[in-house]
Each structure stands twice: as structure tokens, then as C-alpha cells.
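Enquirer: The sequence and its predicted three-dimensional model are supplied below.
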Amino acid sequence: MLIYIGISSFLIILFLFSLTGQLSIKQSHSPGEGMGGTLSKEQVLKGNPDADLFEFQGKVYKTGVNWIEERDLTKGEQIGVISGGMATKLPNGAKIFVPKERRDILIVSYKGKEKRYLLMLGE
């Protein structure tokens, strides 16, 4: 009987601590979690300092996302060109295209190569 009282008391204390915010459980957070909207360059680089990304019209796009490589996309119109300070790894002069099928992925073309970049969103 004393064991049940002890366990019950422990659970009540644990519950009360969680209500008052005194009990903190460390959780893993992704950049921009709970913020919604788009992520900044700093937020993306905080999670991956070596990220291949670029900024275009105030939004950050990052490559290396496997599922975007599997999508069938048709390169649409050219909407921009990479210039100084826009990208972490892309060369100046690389051309930016929007695919006909999606607006959250951009295709960058340079030196006969193409890379796909996904818009970085908060959760």
C-alpha cells in the first residue's frame, strides 16, 4: 500500500512541476520550428553550415533534398541570374528557372549542369 502512495505522490509532483514549467524536457528543434513562413539564410546555415543555398527575391532555396530530384519537372522560364553574395556555392552567372509544375522548387543551370533547389520553410 505504501508503494502505491509513493508512486501516486511522485506522479502528482511530476504533474505539478510540468504545469508550472519547472520541469523541462530537452527537445530537438528544427530551424524556424513554430515560426511558419520562410527560413532565413542564417537559420538554414545554423542547421547546416555547409549548405548549398541561394537567396532569391527575399527567399532561401537549398539543394540536397532527395525527393525533389525524383520529381518530373519541366524547366520553364528564366527568372533570374546568380550574382555576388546570393549563393554559397553557385557561380555568378548561373541561370535560375522556375519549373512549370511547382513554384516551391527552382532549377539552376550552369556549365551544362542543373541543380534543383527547394524553398526553405519553417514548420
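Expert: Noted; the coordinates are in hand.

Enquirer: and residue 60, what is it in contact with?
Expert: Applying Cβ atoms under 8 Å, 6 or more residues apart in numbering, we find residue 60 in contact with 38-41, 44, 53-54, 119-120. (C-beta placed from N, C-alpha, C; glycine too.)

Enquirer: Reformat those residues as TSV; add secondary structure and neighbour count.
Expert: Converted to TSV, these look like this (DSSP: H, G, I helix; E, B strand; the rest coil; neighbours: other Cβ atoms under 10 Å):
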residue	secondary structure	neighbour count
38	strand	16
39	coil	23
40	coil	18
41	helix	17
44	helix	21
53	strand	22
54	strand	24
119	strand	16
120	coil	22
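
Enquirer: Could you single out the nearest of the residues you listed to residue 94?
Expert: In terms of Cβ to Cβ, no member of the contacts of residue 60 lies closer to residue 94 than residue 54, at 8.5 Å.

Enquirer: where does that closest one land on pLDDT?
Expert: Per-residue pLDDT puts residue 54 at 98.

Enquirer: cool, and residue 122?
Expert: Note on residue 122: pLDDT of 85.

Enquirer: residues near it, how many?
Expert: By the criterion of other Cβ atoms under 10 Å, residue 122 has 15 neighbours.

Enquirer: Distance check, it against residue 85.
Expert: Distance, residue 122 to residue 85, using Cβ to Cβ, to the nearest Å: 23 Å.

Enquirer: now the contacts of residue 60 as a markdown table including distance to residue 72?
Expert: Shown next, in a markdown table, are the contacts of residue 60 (distance: Cβ to Cβ, whole Å):
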| residue | distance to residue 72 |
| --- | --- |
| 38 | 25 |
| 39 | 26 |
| 40 | 31 |
| 41 | 29 |
| 44 | 26 |
| 53 | 24 |
| 54 | 23 |
| 119 | 19 |
| 120 | 22 |
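
Enquirer: Now flag whichever of those is closest to residue 112.
Expert: Scanning the contacts of residue 60 for proximity to residue 112, where the rule is Cβ to Cβ, the winner is residue 54, at 18.8 Å.

Enquirer: tell me the contacts of the closest residue to the closest one other than its chain neighbours?
Expert: Of all residues beyond its chain neighbours, the one nearest residue 54 is residue 87 (3.7 Å), with distances taken as Cβ to Cβ, 6 or more residues apart in numbering. Shown in contact with residue 87 (Cβ under 8 Å, 6+ apart): 52-55, 94.
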